[in-house]
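> below: sequence and its predicted model.
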Amino acid sequence: MARAAAAGRVSPPKLTFPVQLAYLGLPFIELASRMTGNDPLFTRASLHTLQRHRDISGAKAHAELDHRPRPLDDTLRDIYAWFNQHGKLS
């Protein structure tokens, strides 16, 4: 989180919560999304993905496709730039 916050030039979160707590908030997130017409902050599928796919190896992509991921900090900067460019950041 510290690296993502630095890339976005924002303060990192002061508190973190277990993913299970986010599941309890899903009905409220979904209701707020329907009421405002905005995309939800997270969905059941996104929470499931975060829990189930934490340690996926890139060995096969490297061996078969010669995939070489670029540095994380470069990716984070580009993500923030894209979201800013598309009006997704406040």
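Nice, thanks for sending it over. Residues are numbered from 1 along each chain as shown.

> do you know how far residue 54 is from residue 48?
Taking C-beta to C-beta, to the nearest Å as the measure, residue 54 falls 12 Å from residue 48. In this view, the C-beta of every residue, glycine as well, is placed from N, C-alpha and C.

> so where's the longest helix in the chain?
helix 19-36 (DSSP state H).

> just the residues contacting that helix, thanks.
Residues outside helix 19-36 that contact it (C-beta atoms under 8 Å, 6 or more residues apart in numbering) are 38, 39, 40, 41, 42, 43, 44, 47, 50, 51.

> ignoring the adjacent residues along the chain, who's closest to the third one?
Nearest-residue entry for residue 40: residue 33, 4.0 Å, with adjacent residues in sequence omitted and distances by C-beta to C-beta, 6 or more residues apart in numbering.

> number of residues surrounding the one you found?
14 (other C-beta atoms under 10 Å).

> OK, contacts around residue 38?
Each residue near residue 38 by C-beta under 8 Å, 6+ apart is listed here: residue 32.

> and it, what's its pLDDT?
For residue 38, the model assigns a pLDDT of 95.

> what strand or helix carries it?
Using DSSP states H and E, residue 38 falls within no helix or strand.

> quick check: it vs residue 8, distance?
Residue 38 sits 20 Å away from residue 8, going by C-beta to C-beta.

> same question for residue 19.
Applying C-beta to C-beta to residue 19 and residue 8 gives a distance of 22 Å.

> of these two, give the one with the bigger neighbour count.
residue 8 (17 against 11).

> name the nearest residue to the more buried one, ignoring sequence neighbours.
Nearest one to residue 8, counting by C-beta to C-beta, 6+ apart, is residue 80 at 4.4 Å.
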